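>>> Sequence isn't available, so here's the structure alone:
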């Protein structure tokens, strides 16, 4: 994997670049739609490419390991062949499940014992096994196995967890070196900065992660309920330490406003379930604010869903019709909403790239952020 830095904003830390993988190029800054179980919920692969213009999608190691299982994915020739997506794929190692399944797991130095949320069966993930699973899934970008600490988190726990994450990273690196790429293309490893919201821990973790000199670096543990001011201050701190010539990936973030503020701090890659999850509940993001499609104010509005939108659904469907679908609990409502929100997120990234290249990102961002958060 190669990363080519293309341009930098003179009034912030925002930059554009290109990540080159064997499954195609990724223009940064970029948002990556989340396909936890091998699919971006309610969206066809054709729509991802043609309407949403996604460049890379995510899969989740824990979920794909449980269902459909590694055997069928390997028989298919990897997740690309299994789900029909021919672009780059990144897989989360399962570290987030260490956090989210707190009632069904036990952490120890060797690894983590999970109980399946499906049938209660017991499974043990080590850093080595997490790498092996991701190799078999066929990810272009593999994430190191880590512990994502909760918020709030006591200092001593955050410190011990971070140090264990660093030890696990060494084991992940060793396992990557011992094993071969699968399916005939290159696979690369990203480490993850942890340390909760403690400045000294974040500094130590960023320095440690940078010392491994891997192809990219991720920042974890900042989408778990902390205030935005902590998100921004920790992101700024870490971005100032991580090398400029490697892509920086902020995991699990976030709202459109979060994305623009973090691009200004030097982040290149994002993922979040928010655009699809919120879409399924009728919340649509636009460049002028947030629409609640279940609101009575749209009942008689026969105007397009979003006249300025970039996806076919924005001009084809009216607000009144989409509101009707949500109130009727029609599946099409979730599909339209998901396509709209993801297309908006990808438009936002494209426009951010244009503004950075034109030298106008800072003023554009300052104008956009208040608009993006208001309710229409």
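Okay, I see it. What you see is a predicted model, and the numbers here were worked out from it, not measured in a lab.
>>> Spatially, what comes nearest to the spatially most central residue of the chain if we skip its sequence neighbours?
By C-alpha atoms, centre = their mean, the mean C-alpha position of the chain lies nearest to residue 271, the distance being 1.7 Å. Distances taken as C-beta to C-beta, 6 or more residues apart in numbering place residue 32 nearest to residue 271, at 4.3 Å, with adjacent residues excluded. C-beta here means a position set from N, CA and C on the backbone, and glycine is covered the same way.
>>> again, but for residue 235
The shortest distance from residue 235 to any residue that is not its chain neighbour, by C-beta to C-beta, 6+ apart, is 5.0 Å, and that residue is residue 265.
>>> What count of nearby residues applies to residue 51?
By the measure other C-beta atoms under 10 Å, the count of residues near residue 51 is 20.
>>> what residues are up against it?
Under the criterion of C-beta atoms under 8 Å, 6 or more residues apart in numbering, the neighbours of residue 51 are 311, 312, 313, 339, 343.
>>> same question, residue 19
Going by C-beta under 8 Å, 6+ apart, residue 19 touches 1, 2, 3, 25, 26, 28, 30, 88, 216, 247, 268.
>>> The third one belongs to a helix?
This means residue 3. No: for residue 3, which was evaluated using DSSP: H, G, I helix; E, B strand; the rest coil, the result is strand, with no helix membership.
>>> how close does it sit to residue 259?
Distance of residue 3 to residue 259, given as C-beta to C-beta, to the nearest Å: 19 Å.
>>> So for the two, which residue has more residues nearby?
It is residue 259, of residue 3 and residue 259, that has more neighbours when counted by other C-beta under 10 Å, with 25 against 19.
>>> Look at the more buried one and tell me its secondary structure.
In the three-state summary, residue 259 is assigned as helix, counting by three-state DSSP.
>>> roughly how far apart are the closest residue to residue 254 other than its chain neighbours and residue 285?
Once its chain neighbours are removed from consideration, residue 254 has its nearest residue in residue 272; the separation is 5.4 Å (C-beta to C-beta, 6+ apart). Per C-beta to C-beta, residue 272 is found 11 Å from residue 285.
>>> now residue 262
In this structure, residue 262 and residue 285 are separated by 16 Å, where distance is defined by C-beta to C-beta.
>>> Equivalent analysis for residue 261, please.
Residue 261 sits at a distance of 15 Å from residue 285 (criterion: C-beta to C-beta).
>>> same question, residue 302
Residue 302 sits 22 Å away from residue 285, going by C-beta to C-beta.
>>> same check, this time on residue 337
Shown here: residue 337 relative to residue 285, a distance of 10 Å by C-beta to C-beta.
>>> okay, those two: which has more neighbours?
With other C-beta under 10 Å as the criterion, residue 337 and residue 285 differ in neighbour count, and residue 337 comes out ahead with 28 against 25.
>>> all strands of the stretch 101-250 of the chain, in order?
105-107, 112-115, 122-125, 141-143, 188-190, 192-193, 217-219, 248-250 (DSSP state E, counting those that start in this stretch).
>>> still on that earlier bit, shouldn't the residue nearest to residue 254 be in contact with residue 223?
Yes: using C-beta atoms under 8 Å, residue 272 and residue 223 qualify as a contacting pair, with a distance of 7.1 Å.
>>> Overlap of the contact sets of those two?
Counting by C-beta under 8 Å, 6+ apart, the residues touching both residue 272 and residue 223 are 252, 253, 254.
>>> Dump those residues to a markdown table, plus pLDDT, distance to residue 143 and secondary structure.
Below are the shared contacts of residue 272 and residue 223 laid out as a markdown table (pLDDT from 0 to 100; distance: C-beta to C-beta, whole Å; DSSP: H, G, I helix; E, B strand; the rest coil):
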| residue | pLDDT | distance to residue 143 | secondary structure |
| --- | --- | --- | --- |
| 252 | 95 | 12 | coil |
| 253 | 95 | 15 | coil |
| 254 | 93 | 18 | coil |
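>>> what's the neighbour count on residue 215?
So residue 215, with other C-beta under 10 Å, has 17 neighbours.
>>> Could you measure from it over to residue 30?
Note on residue 215: its distance to residue 30, by C-beta to C-beta, is 16 Å.
>>> Also residue 89?
Residue 89 sits 13 Å away from residue 30, taking C-beta to C-beta as the criterion.
>>> Looks like residue 22 contacts residue 186 (just checking).
Yes: judged on C-beta under 8 Å, residue 22 makes contact with residue 186 at a distance of 5.2 Å.
>>> any shared contact partners between the two?
Common contacts of residue 22 and residue 186, defined by C-beta under 8 Å, 6+ apart, comprise residue 140.
>>> Which of those two has more residues huddled nearby?
Relative neighbour count places residue 22 above the other of residue 22 and residue 186, with 14 against 11, counting by other C-beta under 10 Å.
>>> And the helices in the stretch 51-200 of the chain?
When secondary structure is read from DSSP state H, counting those that start in this stretch, the stretch 51-200 of the chain shows helices at 61-66, 70-76, 79-83, 95-100, 127-137, 155-178, 199-211.
>>> Please point out which parts of the third one sit buried.
Of the residues in helix 79-83, those buried under the neighbour-count criterion (16 or more other C-beta atoms under 10 Å) are 79, 80, 82, 83.
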